[in-house]
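Peer 1: based on what follows, work out the 3D shape:
(chains A, B, C and D)
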There are 4 protein chains.
Amino acid sequence: MSTINVTIWNEYLHEIRNPKVAEVYPDGIHRAIARGIASEAFEIRTATLAEPEHGLTGDVLRQTDVLIWWGHMAHDRVEDEIVDRVYMRVLEGMGLIVLHSGHCAKIFNRLMGTRTCQLKWREADEKERLWVVDPAHPIAEGIGEYIELPTEEMYGEHFNVPAPDELVFVSWFEGGEVFRSGLTYRRGKGKVFYFRPGHETYPTYYHPDILRVISNAVRWAKPAETANPTYGHAPELLEPVGKNR
Amino acid sequence: MSTINVTIWNEYLHEIRNPKVAEVYPDGIHRAIARGIASEAFEIRTATLAEPEHGLTGDVLRQTDVLIWWGHMAHDRVEDEIVDRVYMRVLEGMGLIVLHSGHCAKIFNRLMGTRTCQLKWREADEKERLWVVDPAHPIAEGIGEYIELPTEEMYGEHFNVPAPDELVFVSWFEGGEVFRSGLTYRRGKGKVFYFRPGHETYPTYYHPDILRVISNAVRWAKPAETANPTYGHAPELLEPVGKNR
Amino acid sequence: MSTINVTIWNEYLHEIRNPKVAEVYPDGIHRAIARGIASEAFEIRTATLAEPEHGLTGDVLRQTDVLIWWGHMAHDRVEDEIVDRVYMRVLEGMGLIVLHSGHCAKIFNRLMGTRTCQLKWREADEKERLWVVDPAHPIAEGIGEYIELPTEEMYGEHFNVPAPDELVFVSWFEGGEVFRSGLTYRRGKGKVFYFRPGHETYPTYYHPDILRVISNAVRWAKPAETANPTYGHAPELLEPVGKNR
Amino acid sequence: MSTINVTIWNEYLHEIRNPKVAEVYPDGIHRAIARGIASEAFEIRTATLAEPEHGLTGDVLRQTDVLIWWGHMAHDRVEDEIVDRVYMRVLEGMGLIVLHSGHCAKIFNRLMGTRTCQLKWREADEKERLWVVDPAHPIAEGIGEYIELPTEEMYGEHFNVPAPDELVFVSWFEGGEVFRSGLTYRRGKGKVFYFRPGHETYPTYYHPDILRVISNAVRWAKPAETANPTYGHAPELLEPVGKNR
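Peer 2: Have a look, this model is predicted:
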């Protein structure tokens, strides 16, 4: 199996501006994830909002098999041109893993076609349990019956996304809500995985099960080497028409 | 059962400009469909591109339970503001039935999140057979095993849409292609049905089975009177948190 | 809209043998549901295990549009011949609503193809909240964001059923589990809805929202009047073969 | 990636009894497939109806990651006990690939919960084209837009299976029918792929694209190493109950 080229994109603002977050992720969420999923099978780079073209140049994207996305407070500052570029690459086959507050990112909204910002949320240090509801799914490989996070931000239904192709995890929250927290979609030739946990003030991206899920999702989302469908005018008939009229 | 308010939107250009089309649909595709699906259960109005706000004012849309959409040569001339308005109404619960070349309409693209313009096509007077693959579906009520159209434009796979929630029809074309030609989706509180047939040069919208499918789809797509989910910050805990830590 | 013929089947043993249950459902769960969903639109009859052929004769089933099923302690006493009969009727188009412990009924197992008995359970007077995750679904019509039951038996994931065609409700339980508690399936021409709540010791089937969901499901599951597909040898060619070889 | 243990099961009767079939598959369909998908990644064995326990002993199945199934004229001669054994292994995680007339096998019927024998068929040397409708799917890796088979048996809709989790291929037949010909399902922890082509009188299992699809499906269907869900009574509360009543 050849190496999978992974790019981890992070808005990288909370960690710089908020000492509480800096304490949890001193080098940024992107680097915490990069270290956490490091493997011989992955060639990992990172990119952030502040870089030219947000670090997502045409070259970088062309060389990316799977893009991981974390954003929160600055969704609007992501340039539409870059969103277009990522969008086209997903439809061409690049995998996309959208984490936590990335539910509100322009790219996720665009791929889903609904107002994906719409969900309930609350910051109250709640316990979260992510129950595996599809134990046959490769994204759940190596995980027990559930993942427990002692404190997390709550996200609650209704989550305004299309019905997923596959539902892998459902979260229970201490305060009384549930959430569909591991969702897969196919868009064009690209695979998309939304994974709920990871508020910036909690050490979620150090949890081995969370990292395992992200690693599994990278493997699942890597491009399939299928032929590119052709589109548009197809003047040639494969079969003769009208013989029996 | 209360009356369903249906608005049939038609670009209405081919019928005016092209005598061949005018011969088939002298009053426009929208009026042919309106007459064809007329029923005591439906209150039908029509709207066209040339009207102010394309006939889709806020008032009209608020009073519309199900919107039927036919467009082809002027997708780009539909104002983004009107597309936004239709989009929001679908997410709020208005049903949307997209016909034939409406696959390329801005509103369909936006709701799907893929480049829905992408498919194969050919005008060669081919026979089409739409096979029912989900005989339990209410949209197929009253239809036999398949609908046969003696001549139609061909649309072929790959059709670049998300996997549908439900697949109701699959088309066979004489020239050698297949197409997923009856597809359902839910987006927010709205139901969406894409139905393939209906090229402007053929009398497809006079065919009783095609009209029956459109009528069925109107009934299926009418809004459910469900409570509106609430979104955003949910400060109140339903259950106390942290007692057992 | 013509009348829908509903048959409510109940094992009817707990209510007779257990005074605690008799207090909650003195006339049996079947009669409580029958009264609770009574409507001009429904013609309702009941049937129980102790009746000849369990009350499900060929005539009764032929006249049944939607069958509601509650069973628990005596799944094994349901005759295979009757299960076969119900199974064939579902494939022909009869709707089936399986309640609570009916997850373990022979008929549900057979239609699902998995070991549907497999789930977690606990009787600990837990609060249950059924969150609506598909607010566009007609089965959720008239329901708010969630239904709250102050005390119920817990059912927890993993629930060993196929991925549903549609997921309408997800339950939160006070003790820490979640459950996919409103699931739709199509089997042949029949529609199947599994709905979780309703342990015999709780007054769940008097709750107006629970009754509303069951009524909605009856309307959703009623047979579509589609043509019967034909199966088997199809000697006749619709099109000539081999002309261009 | 560790080796995948593949067992190819074949009824192996047509090849022995019918000289026309023997000419096409002198060593049996099972050996043709075994040679055709041979790879360092697979450890392949075969099993046939005539062997004791049809070659599917408990030991063999325990050591099988993915089972491929071809049967046609002797479905009834497969012992129920062996069917039970295969069934349990699929629910535990063994992959199952059902080929062509295996649609009517006891094991497929049981896993689907419908009368999967029900479809249309015709032997008229028709051309078949299998169009890829999900170009992102790993089972379509390495395949072009469609696979063309110059002559095959026709299978036509309606195919009485549950709506698949994923639809990968749709077949076009020269004589006028279509068929959903590449379908995925999850049952318990096991993945199931149904693949239509392969009538015994045609050299279909020598076609490189057909073999590529079967190889891809083996990789897709191999067991995920997920924890086994626990089922049944769960007496322990994860969270305290009733504090706030």
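
Peer 1: for the rest of this, base every contact and every neighbour count on C-alpha atoms.
Peer 2: Noted.

Peer 1: flag every residue of chain A that's near chain D.
Peer 2: Selection of chain A residues close to chain D by Cα under 8 Å from any Cα of the partner chain yields A:1, A:93, A:134-138, A:140-145, A:165, A:186, A:188-191, A:223-230.

Peer 1: what residues sit buried inside stretch A:108-128?
Peer 2: Buried residues in stretch A:108-128, defined by neighbour count with 16 or more other Cα atoms under 10 Å in any protein chain shown: A:108-122, A:124-128.

Peer 1: residue A:134: what's it in contact with?
Peer 2: With contact taken as Cα atoms under 8 Å, 6 or more residues apart in numbering or on different chains, residue A:134 is in contact with A:140, A:167, A:168, A:169, C:158, D:189.

Peer 1: cutoff 7 Å now
Peer 2: A:167, A:168 (Cα atoms under 7 Å, 6 or more residues apart in numbering or on different chains).

Peer 1: confirm for me that residue A:123 is in contact with residue A:155.
Peer 2: No - between residue A:123 and residue A:155 there is no contact under Cα atoms under 7 Å: 9.1 Å.

Peer 1: leaving out sequence neighbours, find the closest residue to residue A:131.
Peer 2: Of all residues not flanking residue A:131 in the chain, residue A:146 sits nearest, at 4.3 Å (Cα to Cα, 6 or more residues apart in numbering or on different chains).

Peer 1: and the one you found, how many residues sit next to it?
Peer 2: 22 (other Cα atoms under 10 Å in any protein chain shown).

Peer 1: report the distance from the helix or strand of chain A with the lowest mean pLDDT to the chain centre.
Peer 2: Lowest on mean pLDDT, DSSP states H and E among the helices and strands of chain A sits strand A:232-233, with a mean of 90. Taking the mean of its C-alpha atoms, strand A:232-233 sits 33 Å from the chain's own mean (Cα atoms, centre = their mean, to the nearest Å).

Peer 1: is it in proximity to chain B?
Peer 2: Yes - residues of strand A:232-233 are located near chain B by Cα under 7 Å from any Cα of the partner chain, namely A:232, A:233.

Peer 1: now for that strand, which elements pack on it?
Peer 2: Other helices and strands packing on strand A:232-233, by 3 or more Cα pairs under 7 Å, 6 or more residues apart in numbering or on different chains; DSSP states H and E, are strand B:120-132.

Peer 1: let's go with 10 Å and repeat that
Peer 2: Applying 3 or more Cα pairs under 10 Å, 6 or more residues apart in numbering or on different chains; DSSP states H and E, we find strand A:232-233 packed against strand B:120-132, strand B:146-156.

Peer 1: save the ones you listed as a markdown table, and put in mean pLDDT and distance to residue B:72 too.
Peer 2: Shown next, in a markdown table, are the helices and strands packed on strand A:232-233 (pLDDT from 0 to 100; distance: least, Cα to Cα, whole Å):
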| stretch | mean pLDDT | distance to residue B:72 |
| --- | --- | --- |
| strand B:120-132 | 97 | 13 |
| strand B:146-156 | 98 | 13 |
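
Peer 1: for those strands, give me JSON lines that also has distance to residue D:151.
Peer 2: Formatted as JSON lines, the helices and strands packed on strand A:232-233 follow (distance: least, Cα to Cα, whole Å):
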{"stretch": "strand B:120-132", "distance to residue D:151": "21"}
{"stretch": "strand B:146-156", "distance to residue D:151": "22"}
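
Peer 1: so which of these comes closest to residue C:79?
Peer 2: strand B:120-132 (34.6 Å; Cα to Cα).

Peer 1: centre of the chain versus the closest one, how much separation?
Peer 2: On Cα atoms, centre = their mean, the centre of strand B:120-132 falls 18 Å from the chain's centre.

Peer 1: partners of that strand, with directions?
Peer 2: Sheet pairing of strand B:120-132 (DSSP bridges) gives strand A:232-233 (parallel), strand B:146-156 (antiparallel), strand B:166-173 (antiparallel).

Peer 1: winner for burial among these?
Peer 2: Mean neighbours per residue, mean count of other Cα atoms under 10 Å in any protein chain shown, is largest over the strands paired with strand B:120-132 for strand B:166-173, with a mean of 25.

Peer 1: name the residues of the next helix or strand after that one that are buried.
Peer 2: Using DSSP states H and E, the next helix or strand after strand B:166-173 towards the C-terminus is strand B:178-187. Going by neighbour count (16+ other Cα under 10 Å), the buried part of strand B:178-187 is B:178, B:179, B:180, B:181, B:182, B:183, B:184, B:185, B:186, B:187.

Peer 1: perfect, that will be all.
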